[in-house]
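> All I have is the shape, not the residue letters:
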């Protein structure tokens, strides 16, 4: 019997070799394909059948998520009306290991009549599709990782990696950054980390727990209880934040004073509290809370302002899913 570990290692080695052979093939057609797509006024359409189709879907998805609008077109469906999804301003990426995929060959006359430029990810440079593409990216492999040299393995991996290489080259040319990526991934953790701001999560208006400096400690405790955020901001007569009272401050005051209700807010509050601005990233506010071991921070309009417009609690950040 064969050794499954050795079989797996051999398959991986074969695919690595196939990928290494791609590097010398990054020629002028690759650079021209990048320029063509960069200057495209429409979208990139990716097509392929069978395993090439599965790889094509992933390539289209990667292009779209890195700044190049793209979608996958099934070549069989294209023969029955889906060619109407294409416009002359689009670019067609054709994926075919054999270069003889009948479903794609059948739509090529229509593609030509529409005037689309084509980029081929082709494994057979002498094939029909290789001859009909404007630009050709060689994704041929010496052999498949399949011991029968039948199942698409090395060839599909090579095609996928060439697609990734094209997407990354385009990404670099577009100077695509983390924020651009996050805008296209608002539901993911990265998107939330790079997009979610304090303003998106803060409590404000009637939810804001604040009292005046001349209020009683009893009213302060009632405000803290009513707003249920474990903190109260203390304001002066200009509505400026001059201190905060937290659950911890109250517990320490109980230990220090015989009757805290005879105290004034200024006796038990923490002066010069930390503040954040509404445009600050929520993850940055979280780091500030962790640094100073606090669970809430008041929000002010700008660094020169002392008037609170909101409050963000660590639980709000954690519930948002950014960590």
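It's in. Small disclaimer: the values here were computed from a predicted structure and weren't measured.
> Quick check: phi and psi on the nearest residue to residue 307 once chain neighbours are set aside?
The shortest distance from residue 307 to any non-neighbouring residue, by C-beta to C-beta, 6 or more residues apart in numbering, is to residue 239 (5.1 Å). Every residue, glycine included, has its C-beta placed from N, CA and C. Main-chain torsions, residue 239, degrees, to the nearest 10: phi 60, psi 30.
> Need the pLDDT of residue 239.
Model confidence at residue 239, given as pLDDT, is 93.
> That one - how many residues pack around it?
11 (other C-beta atoms under 10 Å).
> could you point out which element follows the helix or strand bottoming out on mean pLDDT in the chain?
Here the helix or strand of the chain ranked lowest by mean pLDDT, DSSP states H and E is helix 189-195, holding a mean of 68. Using DSSP states H and E, the helix or strand that directly follows helix 189-195 along the chain is helix 198-201.
> From the rest of the structure, what touches that following helix?
276-282, 285, 299, 310, 312, 316-317, 320 (C-beta atoms under 8 Å, 6 or more residues apart in numbering).
> Show me what counts as buried in it.
198, 199, 201 (16 or more other C-beta atoms under 10 Å).
> Present those as a markdown table; the columns should include distance to residue 159 and pLDDT.
Output for those, formatted as a markdown table (distance: C-beta to C-beta, whole Å; pLDDT from 0 to 100):
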| residue | distance to residue 159 | pLDDT |
| --- | --- | --- |
| 198 | 44 | 94 |
| 199 | 44 | 95 |
| 201 | 43 | 93 |
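> Closest to residue 291 out of the residues you listed?
Set against residue 291, the nearest of the buried residues of helix 198-201 by C-beta to C-beta is residue 198 (15.7 Å).
> any low-confidence regions in the stretch 201-323 of the chain?
Within the stretch 201-323 of the chain, the segments meeting pLDDT under 70 span 323.
> that older thread, can you give me the distance of the residue nearest to residue 307 to residue 283?
For residue 239, the distance to residue 283 (C-beta to C-beta, to the nearest Å) stands at 29 Å.
> Could you do residue 83 as well?
For residue 83 relative to residue 283 (C-beta to C-beta), the value is 45 Å.
> now do residue 261
When residue 261 is compared with residue 283 (using C-beta to C-beta), they lie 40 Å apart.
> quick one, which of those two is more surrounded?
In terms of neighbours (other C-beta under 10 Å), residue 283 is the more surrounded of residue 261 and residue 283; the figures are 17 against 10.
> would you list every one of the strands in the stretch 201-323 of the chain?
210-212, 231-235, 241-246, 270-271, 275-276, 296-300, 308-313 (DSSP state E, counting those that start in this stretch).
> strands paired with the second one, and their directions?
I take that to be strand 231-235. Counting by DSSP bridges, the strands paired with strand 231-235 are strand 210-212 (parallel), strand 241-246 (antiparallel).
> contact partners of that strand?
Contacts of strand 231-235 (C-beta under 8 Å, 6+ apart): 208-213, 220, 223-224, 241-247, 265-266, 269, 273, 295-296, 298, 308, 311.
> Now stretch 87-100: buried residues?
Here stretch 87-100 shows 90, 91, 92, 93, 94, 95, 96, 97, 98, 99 as buried, counting by 16+ other C-beta under 10 Å.
> Return the subset of the residues you listed lying in strands.
91, 92, 93, 94, 95, 96 (DSSP state E).
> shouldn't the residue nearest to residue 307 be in contact with residue 309?
No - using C-beta atoms under 8 Å, residue 239 makes no contact with residue 309, being 10.3 Å away.
> if I look at the residue nearest to residue 212 when sequence neighbours are not counted, how far off is residue 215?
Of all residues not flanking residue 212 in the chain, residue 235 sits nearest, at 5.7 Å (C-beta to C-beta, 6+ apart). With distances taken as C-beta to C-beta, residue 235 is found 9 Å from residue 215.
> more crowded one of these two?
Neighbours of residue 235 and residue 215, each counted by other C-beta under 10 Å, are more numerous for residue 235; the result is 21 against 17.
> Okay, the more buried one and residue 211: tell me how far apart.
7 Å.
> Equivalent analysis for residue 273, please.
Counting by C-beta to C-beta, the gap from residue 273 to residue 211 is 14 Å.
> and residue 46, what helix or strand is that in?
strand 44-48.
> What lies in contact with that strand?
Strand 44-48 has contacts (C-beta under 8 Å, 6+ apart) with 37, 53-57, 59-60, 63, 68-75, 78, 85-86, 90-96, 101, 104, 107, 116, 121.
> quick one, helices of the stretch 201-323 of the chain?
217-227, 247-256, 265-268, 282-292, 314-320 (DSSP state H, counting those that start in this stretch).
> Can you tell me which of these is most buried?
Here the criterion is mean neighbour count by mean count of other C-beta atoms under 10 Å, and of the helices of the stretch 201-323 of the chain the winner is helix 265-268, at a mean of 18.
> Who are the packing partners of that one?
When contacts are defined as 3 or more C-beta pairs under 8 Å, 6 or more residues apart in numbering; DSSP states H and E, helix 265-268 packs onto helix 217-227, strand 241-246, helix 247-256.
> Since that was my last question, I'll sign off now.
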